[in-house]
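Chemist: predicted coordinates and the sequence they were generated for:
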Amino acid sequence: MLPLESSYRENPSNLTVVRKALTNITYLGPSQDRNIAPLFEESHFAQDSVLFRPGDLSTHLVVVKSGEVILTESSNARKLVMREGDYYGVSSLLVPRVHKYEGIVVADKGADLLHLEGATFRDFLQSLRTDNHFVTERYTSSYTIEPKPELSDEEKERRLGKAAVLAKIEIFKDITGQDREEIAGTMEDQRLQVDGVVYNDGDEGDALYIVQEGEIMAQLLLDGEWQTVQSYQAGDYFGEMALLSDKPRNGRTIVHSPEGASTLRLPKEAFERVLANNLTAMRSFVNIMSRRLAEQSKSEMN
């Protein structure tokens, strides 16, 4: 496990590496990235140092500043290489989890790592008192505010129907009806035939999906064969981890029901816009995801 004997030396190179990672991980704009960056600690590890092993408790987000780290998953000998700007342990910002990988430093000169404890990050979120903290240049510079077009009665009815679906989803229960309607206006209807692929292993994680009709299977490639690990039916949602980071999809989702399936697709960008200006929604999402990840970690340890 990572040692805590470390210090953060505030300098341009550290800030650049941290902000690059935070841009991909959090919903906060550059002004908050600057506030979070000093919370990171820095440690140097010699070549062949073991950072963590499968079964160790993961409590930190780790960002590689320099050097090279190899992550090895013992169950299938899968190896991932982490270099400058790469990160691991996103979900640990929300709740401690169990490591699935062994992390070893392989660079001749060792590796410098920047790491942020999950408890520190959660304390930072709780310290934000007003929605104004979330109105940042990342969003105000990316989107132009234009007059909202008048909706037809048919479009209003469709939007209200989608908002009603959102109201039944745990992640969206605690936000206002107005916010749900705003999100509903960005959701896309999708219809897929049997064996149609919603997303493939390695695809960009850019959306959350809600099943309206039919059955969809989540599958992982194990021992060279696709094996079903989860089934989703009407009212279920999946792909929510894409709302936490820009990591590629792990596994695929495929339509199982002979009659096909229909989903509502929520683009990550649209969801981030709502969270960026709504502290209540942000806290609700963090709390829910923390609970879900804690339950998942508990099942992994049993």
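Modeler: On my side now, so go ahead.
Chemist: does Glu155 sit in a helix, a strand or a coil?
Modeler: Three-state assignment for Glu155 (DSSP: H, G, I helix; E, B strand; the rest coil): helix.
Chemist: what's the burial count for it?
Modeler: A count of nearby residues for Glu155, using other CB atoms under 10 Å, gives 12. To be clear about C-beta, it is placed using only N, CA and C from the backbone, and glycine gets the same treatment.
Chemist: likewise Trp226?
Modeler: As a burial measure, Trp226 scores 14 neighbours (other CB under 10 Å).
Chemist: can you tell me the closest non-neighbouring residue to it?
Modeler: Gln219 (4.5 Å; CB to CB, 6 or more residues apart in numbering).
Chemist: all strands for the stretch 51-200 of the chain, in order.
Modeler: For the stretch 51-200 of the chain, strands defined by DSSP state E, counting those that start in this stretch occupy the ranges 57-58, 60-66, 69-73, 78-82, 87-88, 97-98, 101-105, 111-117, 188-192, 197-199.
Chemist: on that earlier part again, tell me the angle the host helix or strand of the residue nearest to Trp226 makes with strand 188-192.
Modeler: Secondary structure from DSSP states H and E places Gln219 in strand 216-222. For strand 216-222 and strand 188-192, the angle between their directions (axes from the mean of the first three to the mean of the last three CA atoms, to 10 degrees) works out to 70 degrees.
Chemist: for the helix or strand following strand 216-222, buried residues please.
Modeler: Using DSSP H and E, the helix or strand that follows strand 216-222 towards the C-terminus is strand 225-232. Within strand 225-232, the residues that count as buried by 16 or more other CB atoms under 10 Å are Tyr232.
Chemist: and strand 225-232, which strands flank it?
Modeler: Strand partners for strand 225-232, identified by DSSP bridges, are recorded as strand 216-222 (antiparallel).
Chemist: okay, buried residues for the strand it pairs with please.
Modeler: By neighbour count on 16+ other CB under 10 Å, the buried set for strand 216-222 is Ile216, Met217, Ala218, Gln219.
Chemist: can you tell me the closest non-neighbouring residue to the third one?
Modeler: For Ala218, the nearest residue in space outside its immediate sequence neighbours is Gln230; the separation is 4.0 Å by CB to CB, 6+ apart.
Chemist: the first one too?
Modeler: Taking CB to CB, 6+ apart as the measure, Ile216 lies nearest to Tyr232, with 4.6 Å between them; neighbours along the chain are not counted.
Chemist: my guess is the one you found contacts Val211. True?
Modeler: Yes - under the criterion of CB atoms under 8 Å, Tyr232 makes contact with Val211 at 5.0 Å.
Chemist: residues shared between the contacts of those two?
Modeler: Phe238 (CB atoms under 8 Å, 6 or more residues apart in numbering).
Chemist: what about Asn250, neighbour count?
Modeler: By the criterion of other CB under 10 Å, Asn250 has 12 neighbours.
Chemist: helix, strand or coil for the nearest residue to it once chain neighbours are set aside?
Modeler: By the measure of CB to CB, 6+ apart, the closest residue to Asn250 outside its immediate chain neighbours is Asp201, 6.8 Å from it. Judged by three-state DSSP, the three-state class of Asp201 is coil.
Chemist: what sits against Asp201?
Modeler: Asp201 touches Leu221, Pro248, Arg249, Asn250, Gly251, Arg252, counting by CB under 8 Å, 6+ apart.
Chemist: try 10 Å this time
Modeler: Gln219, Leu220, Leu221, Trp226, Pro248, Arg249, Asn250, Gly251, Arg252, Thr253 (CB atoms under 10 Å, 6 or more residues apart in numbering).
Chemist: now these as a markdown table including pLDDT?
Modeler: Output for the contacts of Asp201, formatted as a markdown table (pLDDT from 0 to 100):
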| residue | pLDDT |
| --- | --- |
| Gln219 | 95 |
| Leu220 | 93 |
| Leu221 | 90 |
| Trp226 | 94 |
| Pro248 | 82 |
| Arg249 | 88 |
| Asn250 | 87 |
| Gly251 | 92 |
| Arg252 | 95 |
| Thr253 | 96 |
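Chemist: between these, which is nearest Gln190?
Modeler: Thr253 (11.6 Å; CB to CB).
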